[in-house]
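Novice: I'd like to go over a predicted model; first the sequence, then the structure.
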Amino acid sequence: MMNTIPRLRSAAIFSLLWIAGLNLQAQITTDNSPTPEELVALLVGPDVQVSNIAFTGTEVQRGSFVNNNGNLTIGEGIVLSTGNIALMAGPNTTGSAGEIVGGGGYPDLTTLGGQNTNDAAVLEFDFIATGDSLSFNFCFGSEEYNEWVDSGFNDVFGLFLDGPGITGTFQNNGINLATVPDTDGTPISINSINN
């Protein structure tokens, strides 16, 4: 297994990685100062070799968070957003409270969501697998709830894995690891996870 180099692409369109919701005000603190390299180090831990780290998006769309007794089961992690992560603590008491950053879309998320995407936040890296399994925890949240569910806008999240021996339908024959539990691969989005 040491000679395989899978590529992990975590991509968020109008979504937040590892957060539960926007009504958590001050119970979650965010920091957009970590570099993409520092964010990957938070994800993979100290004993995993990584390379080719790249982030697509703006600096305000990525960062780390700490859950200060909020409603999350995850104590800390990284956050990716289509808007400014500083707004994630909420509260989300008005429609369209987010911040448009004016970025482009991402082909794999367009495929998942079934429509054009904008303001993609994409963190990509290669890693050397030291075992035969991979696990991760994430929470999906969106400022688009409830007013944009089943509309022409669809926040979507994907966690894509590609590499030797992987054959999927996404870029580089990748597969999406982030799907609705107990479904046949339903993508994570505001249209599939709502009320």
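Specialist: Alright, I've got the coordinates.
Novice: elements contacting the strand or helix carrying residue 54?
Specialist: Following DSSP states H and E, one finds residue 54 within strand 50-56. The contact analysis (3 or more C-beta pairs under 8 Å, 6 or more residues apart in numbering; DSSP states H and E) places strand 50-56 against helix 36-44, strand 121-127. In this view, the C-beta of every residue, glycine as well, is placed from N, C-alpha and C.
Novice: So which of these is nearest residue 29?
Specialist: Among the helices and strands packed on strand 50-56, helix 36-44 comes nearest to residue 29, with 14.7 Å by C-beta to C-beta.
Novice: List the buried residues in that closest one.
Specialist: 36, 39, 40, 41, 43, 44 (16 or more other C-beta atoms under 10 Å).
Novice: For the fourth one, give me its contacts.
Specialist: Applying C-beta atoms under 8 Å, 6 or more residues apart in numbering to residue 41 gives the contacts residue 50.
Novice: The strand holding residue 54 pairs with which strands, parallel or anti?
Specialist: Looking at strand 50-56 with DSSP bridges, its partner strands are strand 121-127 (antiparallel).
Novice: tell me which residues of the strand it pairs with are tucked away?
Specialist: Neighbour-count burial for strand 121-127 [16+ other C-beta under 10 Å]: 121, 122, 123, 124, 125, 126, 127.
Novice: Closest one of the residues you listed to residue 54?
Specialist: Nearest to residue 54 among those: residue 124, at 4.8 Å, using C-beta to C-beta.
Novice: hang on, that closest one packs against residue 54?
Specialist: Yes. Assessed by C-beta atoms under 8 Å, residue 124 is found in contact with residue 54 at 4.8 Å.
Novice: what about the strands in the chain?
Specialist: Remark: strands assigned in the chain by DSSP state E are 7-13, 16-17, 28-31, 50-56, 62-67, 76-80, 121-127, 140-141, 156-162, 175-176, 188-189.
Novice: Show me what the fifth one is packed against.
Specialist: To tie it back to what came earlier, the one meant is strand 62-67. strand 28-31, helix 36-44, strand 76-80.
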